[in-house]
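Enquirer: Give me a model of this one.
(chains A and B)
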Amino acid sequence: MTETLTLAKAVNAALADSLEGDDRVLLMGEDIGQLGGVFRVTDGLQARFGTQRVIDAPLAESAIIGTAIGMGYRGFRVVAEIQFDGFIYPAFDQIVAQVAKLRYRSKGRASVPLTIRVPYGGAIGSVEHHSESPEAYFAHTAGLRVVTASTPQEAYSTLRAAIASDDPVLFFEPKGKYYMKGEVDRTVVRDLETASIVAQGRDVTIAAYGPTVETAMRAAIAAADEGIEVEVIDLRAISPLDVDTVVDSVRRTGRLVVAHEAPGEGSVSSELITSVVERAFSSLEAAPARVTGYDTPYPPSAVEHDYLPSLDRLLDAVDRTLGRRSSRDGLVLEGAR
Amino acid sequence: MSLTMPAPDPQLALGLDHPLRVLDLDGSRLPSDVLDPHLTDVDETALTNLYVDMVRVRRLDTEAFALTRQGHLVLWPPLLGQEAAQVGPARALRQSDWVFGSYREHGFALLKGVDLAEFARVWKAYAHGGWDPHEITMAPAQIIIGAQSLHATGFAMASKMDESDDVALACFGDGATSEGDVNEALVWASAFQAPVVFLCQNNQYAISEPVRVQSGTPLALRPTGFGIPSMRVDGNDVLAMHAAARIAFERARSGGGPTFIEAVTYRRGPHTTTDDPKRYRDEAEVEAWTAKDPIERVERALAAMGANMDAVREEARIRADELAKELRHAAEHAEPPTVDSIFDHVYAQPTKRLERQRAEHRAFTASIEGNR
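Expert: Numbers count the residues shown, from 1 in each chain, chains lettered A, B, ... in the order given. Model (predicted):
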């Protein structure tokens, strides 16, 4: 049975079903209780499950993660919310040095099954610190799983899997897509490490995740008008990254474009393209291309649409990999050789 | 929701003028309205046991220090001088209570029942963790200053949710009181009335920085601003530390929320075996604190109680020797970790990526060996 839900409601449903299914699951975060979260994602959950299981936290991000770790020692499975992407940094040590390494440090004898929900990404017209994509910091840390969602169904099933996982998981929710509607089947089970081919094509592979998958799908439709077949891969998991699925695709298409909102330097695209070059060099017919945020701080949102990977920038990159006319033809960079 | 806050309690901090103490330097018993009611069952036998514990903890410490100097261990953070500050509270714990400590909590680890063979591996750089946390109910030693205070607070919140009377003990030093995590832990413990006890062993130095660099106010005064009752205790008086811990644990178990204990003590050794304290403190200061030795004070007290000190010392010596022998054997005969173990226990299940790297490293190792 399916139902039509927004992505925000799909997250809410996943949280409710997880709370219902396991009495050791609890939620903790700022304003998630009576208010229902600043995006209303946790709306109604405190009224239904009580203040002991849906906890309004003091405003201390390090403490949200740190106390969740302590609860984990007693067998609780905490789903912590960081209110906005740009607010996660005070919790950095507790995430990358504490929960990520606990299993390794104790040789598998202690571990904490923590899920950290992070509304992330731009295109919401907000002020500074509310539109960032910090996933690469966490992908760089062993012991963490980092996953995203691109549709309401993905949000529901992937969050259920994250909460059920015995590893610490960062679940990056594309807040710009919270009001995207889609069919959700609550019986669909998803894992935390397999990419999905969401459109098939023979000419170019576009790999994307989170909010950028929808843009990639639109690029595939637009390219089809010109007779170009684009294969779109929703990476889903950022760490561990499913390189196999992308390599298999590139062996068929010979061309790769990677797109995400985060800046390109030291990013998921850096890692993915490196891995593909290492493993499928002889299959590549053109240099891989990427469409990412620029290597600047997130800009004022009045100009964010020029910073974010747009449909036109994606199509331009597709053209580049095909040797078609692109914006960079004849581009001369001063001082560059 | 009410916006009214409870009125502040001026009695929240005890011992600010003079640290709470029941054993004087000469071993004589001092009266204490606060602590005495919690020591009524502590007779000569109980004090002897605390004495033997402290001697064993000191021997563990000095033996490990020597093993490091001899090259059998790579690093050691000594606790010389802080034995009472750990033994007193450790012996007030139940086994189901959890300790969340720093890297200098060897006394707690020993009394919680750590296996020395595994413990030694950490300081030989053979392992990151020195025990099974669930087996001895003590979280892995924490190197990031103060981070464990939040884990203790979360554990205590969970204990309360479980309607258990297990408490959490967070141990940290004076330097940690400047960390955000410790201050956040105080906020949370107070807001949720969590059954957690914060034990700050103020050993006067954070590596080279004296406590005045960390604070413009006595450390024991700070928790009062968070609404947490606090005690400033002579950390070299094992009975005072034992009683203060009993008060705090009883308060936590009975729903009274958190307590902060500042143990005023002194780290007589270096920060670690790589430190040179002569660069930042005078020998006279160390000598002054040596005169306040926590073990000698109990010897004097036991003698004043009429204990057979020759027999007591002999028992302590035998048990300390056994411990030292066991530790030395562990340090000298530990099996190094396998290279392959680098890839173990990163995730609950091995990932394809790590299994690939494991296979690549095996192939590389085999190729090197094949070319020899």
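
Enquirer: near chain B, which residues of the stretch 151-300 of chain A show up?
Expert: A:165-167, A:193, A:240-241, A:243-244 (C-beta under 8 Å from any C-beta of the partner chain). Any C-beta I mention is one placed from the backbone N, CA and C, and that applies to glycine too.

Enquirer: Specify the local secondary structure of A:G70.
Expert: helix (DSSP: H, G, I helix; E, B strand; the rest coil).

Enquirer: for B:S32, what are its contacts?
Expert: B:S32 is in contact with B:20-22, B:240, B:243, counting by C-beta atoms under 8 Å, 6 or more residues apart in numbering or on different chains.

Enquirer: one more time with 6 Å, if that's ok
Expert: B:V22 (C-beta atoms under 6 Å, 6 or more residues apart in numbering or on different chains).

Enquirer: Tell me how far it lies from chain A.
Expert: 33 Å (C-beta to the nearest C-beta, to the nearest Å).

Enquirer: That residue looks like it's in a helix, true?
Expert: No. B:S32: not assigned to a helix; according to three-state DSSP it is coil.

Enquirer: Just want to check the distance between it and B:N49.
Expert: Separation of B:S32 from B:N49 (C-beta to C-beta, to the nearest Å): 21 Å.

Enquirer: and the gap between the residue nearest the centre of chain A and chain B?
Expert: For chain A, the residue nearest the mean C-alpha position is A:T148 (2.8 Å; C-alpha atoms, centre = their mean). According to C-beta to the nearest C-beta, A:T148 stands 17 Å off from chain B.

Enquirer: Can you give me the distance of that residue to A:T253?
Expert: 23 Å.

Enquirer: closest point of the stretch 151-300 of chain A to chain B, which residue?
Expert: A:D166 (4.0 Å; C-beta to the nearest C-beta).

Enquirer: Could I get the full set of helices for the stretch 1-150 of chain A?
Expert: A:7-21, A:45-49, A:61-73, A:92-93, A:102-105, A:135-139 (DSSP state H, counting those that start in this stretch).

Enquirer: tell me what the longest one is packed against?
Expert: It refers to helix A:7-21. helix A:152-164 (3 or more C-beta pairs under 6 Å, 6 or more residues apart in numbering or on different chains; DSSP states H and E).

Enquirer: Following the helix it packs on in sequence, what is the next regular element?
Expert: As assigned by DSSP states H and E, the chain's next helix or strand after helix A:152-164 is strand A:169-174.

Enquirer: how about the nearest residue to the residue nearest to the centre of chain A, chain neighbours excluded?
Expert: A:G210 (3.9 Å; C-beta to C-beta, 6 or more residues apart in numbering or on different chains).

Enquirer: And for A:A8?
Expert: A:Y178 is the one closest to A:A8 (C-beta to C-beta, 6+ apart), at 4.0 Å.

Enquirer: next one: B:A64
Expert: B:A64 sits nearest to B:W76 (C-beta to C-beta, 6+ apart), 4.8 Å away.

Enquirer: repeat for B:L50
Expert: Using C-beta to C-beta, 6+ apart, the nearest residue to B:L50 is B:V238, at 5.1 Å.

Enquirer: In contact with the one you found, which residues?
Expert: B:50, B:84, B:87-88.

Enquirer: Between those residues, which sits nearest A:R40?
Expert: In terms of C-beta to C-beta, no member of those lies closer to A:R40 than B:G88, at 50.9 Å.

Enquirer: so that closest one makes contact with B:A240?
Expert: No. Using C-beta atoms under 6 Å, B:G88 is not in contact with B:A240; the gap is 7.2 Å.

Enquirer: so for the helix or strand B:A240 falls within, what's the average pLDDT?
Expert: Counting by DSSP H and E, the element that carries B:A240 is helix B:238-253. Confidence over helix B:238-253 (mean pLDDT, whole number) is 98.

Enquirer: what's downstream of it, the next helix or strand?
Expert: strand B:259-264.

Enquirer: contact partners of that next one?
Expert: B:19, B:85, B:197-202, B:219-220, B:223, B:228-235, B:244, B:248, B:251.

Enquirer: Among those, name the ones in strands.
Expert: B:197-202, B:230-234 (DSSP state E).

Enquirer: Quickly list what the closest residue to A:S196 other than its chain neighbours is bridged to.
Expert: Closest residue to A:S196 apart from its sequence neighbours, by C-beta to C-beta, 6+ apart: A:D234 at 4.7 Å. For A:D234, the beta-bridge partners are A:S196, A:A208 (DSSP bridges).

Enquirer: I'd say A:D234 and A:I197 touch.
Expert: No. Contact status for A:D234 versus A:I197: not in contact, 8.0 Å apart, counting by C-beta under 6 Å.

Enquirer: quick one: which of these two has more around it?
Expert: Using other C-beta atoms under 10 Å in any protein chain shown, the more surrounded residue of A:D234 and A:I197 is A:D234, with 25 against 15.

Enquirer: okay, the angle between the lengthiest strand in chain A and strand A:169-174?
Expert: When chain A is parsed with DSSP E, its longest strand is strand A:256-263. Angle, strand A:256-263 to strand A:169-174, by axes from the mean of the first three to the mean of the last three C-alpha atoms, to 10 degrees: 90 degrees.

Enquirer: what packs against strand A:256-263?
Expert: strand A:204-208, helix A:268-280, strand A:289-293, helix A:311-321.

Enquirer: Output the ones you listed as a markdown table; include the columns distance to B:L169 and mean neighbour count.
Expert: Shown next, in a markdown table, are the helices and strands packed on strand A:256-263 (distance: least, C-beta to C-beta, whole Å; neighbours: other C-beta atoms under 10 Å in any protein chain shown):
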| stretch | distance to B:L169 | mean neighbour count |
| --- | --- | --- |
| strand A:204-208 | 48 | 30 |
| helix A:268-280 | 42 | 19 |
| strand A:289-293 | 46 | 23 |
| helix A:311-321 | 55 | 21 |
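
Enquirer: mind giving me a markdown table with those and columns for mean pLDDT?
Expert: Converted to a markdown table, the helices and strands packed on strand A:256-263 look like this (pLDDT from 0 to 100):
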| stretch | mean pLDDT |
| --- | --- |
| strand A:204-208 | 98 |
| helix A:268-280 | 98 |
| strand A:289-293 | 98 |
| helix A:311-321 | 98 |
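
Enquirer: between those, which gets nearest to B:K160?
Expert: Of the helices and strands packed on strand A:256-263, nearest to B:K160 by C-beta to C-beta is helix A:268-280, at 40.4 Å.

Enquirer: what bits of chain B have low per-residue confidence?
Expert: Low-confidence segments of chain B, defined by pLDDT under 70: B:1-2, B:6-10, B:371-372.

Enquirer: could you redo the last one with a cut-off of 90?
Expert: Applying pLDDT under 90 to chain B flags residues B:1-11, B:369-372.

Enquirer: do the stretch 1-150 of chain A as well
Expert: A:1.

Enquirer: can you list the residues of it near chain B?
Expert: Applying C-beta under 6 Å from any C-beta of the partner chain, we find that the stretch 1-150 of chain A lies next to chain B at A:52, A:58, A:60, A:62-63, A:66-67, A:69-71, A:73-74, A:76, A:93, A:97-98, A:103-110, A:142-143.

Enquirer: Would you mind listing which of the residues you listed are buried?
Expert: By neighbour count, with 16 or more other C-beta atoms under 10 Å in any protein chain shown, the residues of the stretch 1-150 of chain A next to chain B hold A:60, A:62-63, A:66-67, A:69-71, A:73-74, A:76, A:93, A:97-98, A:103-107, A:109-110, A:142-143 as buried.

Enquirer: Dump stretch A:330-337 to PDB, restricted to CA.
Expert: Listed next in PDB are the C-alpha coordinates belonging to stretch A:330-337 (Å, rounded to 0.1, in the frame of the first residue of the first chain):
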ATOM      1  CA  GLY A 330      38.000  29.200 -25.900                       C
ATOM      2  CA  LEU A 331      38.100  30.100 -22.200                       C
ATOM      3  CA  VAL A 332      41.500  31.500 -21.500                       C
ATOM      4  CA  LEU A 333      42.500  31.700 -17.800                       C
ATOM      5  CA  GLU A 334      44.900  34.500 -17.100                       C
ATOM      6  CA  GLY A 335      48.200  33.100 -15.900                       C
ATOM      7  CA  ALA A 336      47.100  29.500 -16.400                       C
ATOM      8  CA  ARG A 337      48.900  27.200 -18.800                       C
END
